[in-house]
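1. give me a model of this one.
(one chain, ligands or ions: 1)
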Amino acid sequence: MAHQKIRKAVFPAAGMGTRFLPATKSIPKEMLCLVDKPLIQYGVEEAVAAGCTEIIIVTGRDKAAMEDHFDSSPELEAALAARGKLSLLDAVRSLSKLAKIVYTRQAEPLGLGHAILMAKELVGDEPFCVLLPDDIVDARVPCMKQMVEVFDQTQSSILASEAVEGPAISNYGCLDCTPDARNPRLLAVKGMVEKPRFEDAPSANAIIGRYILTPRIFQMIEGVKPGAGGELQLTDAIKALLEFEKVYGFHYEGKRHDAGDKLGFLKATVELALKREDLGPGFREWLKQFPL
Ligand code: UTP
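-> Alright, predicted model coming up:
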């Protein structure tokens, strides 16, 4: 088979965001802002840095805020130009030029697998990446770029993984895997379990919200039986994929924040703000008043 390249990125953004209510009653979780950028923008920038030229956002209700965010805004741009606010003008303009962004809809939140299935026609018959916008990965080399480099060598599905010690593994999909001899960061996946009990977890390798998937995954999702609440689990589809193709876990280099959770969101805000050249020093100074 010809060497394939990753050009398209799918962003499931149609969940209900119940962990972040009441904020998410009228604002999509993906539009919540870390310092000065909505979560989805961090992910889209990461996908573009990884070489993606087409972004597919799967939305539910309230997609207007996301569409407006990535669209051009002539009035705002004219106002910023008239006031000489050129760096802000640049930031706003570059947003609408990031990539080709298309939207598709998931009428009901029937699970991550179902959300990805909504992108089937737009993706077509090529490998693609999936980024869950509430997982923010702070990394020297963007996480998806690291993964695309591995895909270029393996041409197989890749699941970003993080070692989670102790009972917290029960919050994640967990890999049953063996280390790959070629690359210490790579794991050959034999199986996986969604949210296992700590005692039953096959390893400490959790799956996080970054995937590269081959197009056969769509067929696999279509064959999955709905679980609780009629949801189609992506984990079940990847398990089915294992019968046909190799799948790898990948220990990326970087730090992940679960910004879909209130405490995780606060931690991400503090860490990202402290790293900012413009805000970090003042914020650090201000934080000193709190006896920690
Ligand atoms: P989450 O489980 O983190 O999101 O799904 P959620 O369901 O919105 O959040 P809580 O648990 O109720 O707070 C991970 C990603 O998958 C998307 C979500 O929007 C989120 O970006 N998703 C999830 C869908 O697009 N459709 C679904 O049916 C489920």
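2. ok, now how distant is Ile208 from Leu175?
-> According to CB to CB, to the nearest Å, Ile208 stands 11 Å off from Leu175. Bear in mind the C-beta positions are built from the backbone N, C-alpha and C, glycine included.
3. what residues do these two have in common as contacts?
-> Counting by CB atoms under 8 Å, 6 or more residues apart in numbering, the residues touching both Ile208 and Leu175 are Ser161.
4. okay, these two: which has more neighbours?
-> Neighbour totals were compared for Ile208 and Leu175, and Leu175 leads with 26 against 19 (other CB atoms under 10 Å).
5. okay, Asp200 and the ligand: tell me how far apart.
-> 21 Å (CB to the nearest ligand atom, to the nearest Å).
6. only the buried residues of stretch 249-258, if you could.
-> Using 16 or more other CB atoms under 10 Å as the test for burial, stretch 249-258 gives 249-252, 256-258.
7. how about the residues of the protein by the ligand?
-> 12-20, 29, 58, 106, 109-112, 114-115, 132-134, 260 (CB under 6 Å from any ligand atom).
8. ok, residues contacting the one helix or strand Ala91 maps to?
-> Ala91 belongs to helix 86-96 when assigned by DSSP states H and E. If you take CB under 8 Å, 6+ apart as the criterion, helix 86-96 is touched by 41, 69-73, 76-77, 80-81.
9. quick one: buried residues of it?
-> Buried residues in helix 86-96 (16+ other CB under 10 Å): 89, 95.
10. likewise for stretch 14-28?
-> 14-15, 17, 19-20, 24, 27-28.
11. then stretch 161-169?
-> 161-162, 164, 169.
12. Phe11 pairs with what?
-> Note on Phe11: beta-bridge partners Ile57, judged by DSSP bridges.
13. for it, what are its contacts?
-> 30, 40, 43-44, 47, 55-58, 130-133.
14. show only the entries of the residues you listed found in helices.
-> 40, 43-44, 47 (DSSP state H).
15. turn these into JSON lines, columns for neighbour count.
-> Shown next, in JSON lines, are those (neighbours: other CB atoms under 10 Å):
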{"residue": "Ile40", "neighbour count": "25"}
{"residue": "Gly43", "neighbour count": "28"}
{"residue": "Val44", "neighbour count": "26"}
{"residue": "Ala47", "neighbour count": "27"}
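16. out of those, which comes closest to Lys195?
-> Gly43 (23.1 Å; CB to CB).
17. now do the contacts for the residue of the stretch 1-150 of the chain found nearest the ligand.
-> Nearest to the ligand in the stretch 1-150 of the chain, going by CB to the nearest ligand atom, is Gly15, at a distance of 2.1 Å. Residues near Gly15 by CB under 8 Å, 6+ apart: 29, 60, 109, 115.
18. so the third one sits in a helix?
-> In this case it means Pro109. No - secondary structure of Pro109 (DSSP: H, G, I helix; E, B strand; the rest coil): coil, not part of a helix.
19. so Val247 bridges to which residues?
-> Ser157.
20. look at it and report its pLDDT.
-> With respect to pLDDT, Val247 scores 97.
21. re the thing from before, quick one: which of the buried residues of stretch 161-169 sit in strands?
-> 161-162 (DSSP state E).
22. the residue sitting furthest away from the middle of the chain and Val92: what is the separation?
-> Distance to the chain centre peaks in the chain at Ala82, reaching 36.7 Å (criterion: CA atoms, centre = their mean). Look at Ala82 and Val92: by CB to CB, they are 14 Å apart.
23. please apply the same query to Gln233.
-> Counting by CB to CB, the gap from Gln233 to Val92 is 38 Å.
24. phi, psi for Tyr211 please.
-> phi -140, psi 150 (degrees, to the nearest 10).
25. typo on my end, Leu21
-> Here is the backbone geometry of Leu21 (degrees, to the nearest 10): phi -70, psi 150.
26. list the contacts of it.
-> By CB under 8 Å, 6+ apart, Leu21 lies in contact with nothing.
27. element containing Glu121?
-> Assigned by DSSP H and E, Glu121 falls within helix 120-123.
28. ditto for Trp286
-> helix 280-287.
29. gap between that helix and the chain center?
-> Here helix 280-287 is found 29 Å from its chain centre; the criterion is CA atoms, centre = their mean, to the nearest Å.
30. touching that helix from outside, list them.
-> 270, 273-274, 276.
31. if we use 6 Å, what do you get?
-> 273-274 (CB atoms under 6 Å, 6 or more residues apart in numbering).
32. and it, average pLDDT?
-> Helix 280-287 shows a mean pLDDT of 96.
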